[in-house]
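Trainee: coords please:
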Amino acid sequence: MGFLPSLKPYRVLKVLKKAGFFVHHQTGSHVVLKHIADKSKRVIVPVHKKDLKIRTIRSIISEAGFTVEGFKKLL
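Mentor: Residues are numbered from 1 along each chain as shown. Sure thing, here's the model as predicted:
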């Protein structure tokens, strides 16, 4: 797996929206996104002021069905 920079939650949300996800709803500090074409794909992004941990970003990438390299191309 490639190197991932630490990212703010809003940057991750922007990348996911560019990839075809939309905000389905928000519960507390967690935003739930679904894919436009495949509604069974669901990604949950915690929205806090601090950067997301690398492990959390990798989990989000996996839930979205991306590779690390594919995700980095969308940044």
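Trainee: Now for residue 50, how many residues are close by?
Mentor: Close neighbours of residue 50, defined as other Cβ atoms under 10 Å, add up to 9. Any C-beta I mention is one placed from the backbone N, CA and C, and that applies to glycine too.
Trainee: Please apply the same query to residue 72.
Mentor: Using other Cβ under 10 Å, residue 72 is surrounded by 15 other residues.
Trainee: Got the confidence number for it?
Mentor: Confidence at residue 72, expressed as pLDDT, is 92.
Trainee: Do I have it right that it meets residue 7?
Mentor: No. With contact defined as Cβ atoms under 8 Å, residue 72 does not count as touching residue 7 (10.5 Å).
Trainee: Relative to residue 25, how far out is residue 67?
Mentor: Separation of residue 67 from residue 25 (Cβ to Cβ, to the nearest Å): 27 Å.
Trainee: Check residue 45 too.
Mentor: If you go by Cβ to Cβ, the gap between residue 45 and residue 25 works out to 12 Å.
Trainee: again with residue 62
Mentor: Separation of residue 62 from residue 25 (Cβ to Cβ) stands at 21 Å.
Trainee: Who has more neighbours out of the two?
Mentor: More neighbours surround residue 62 than the other of residue 62 and residue 25, with 13 against 9 (other Cβ under 10 Å).
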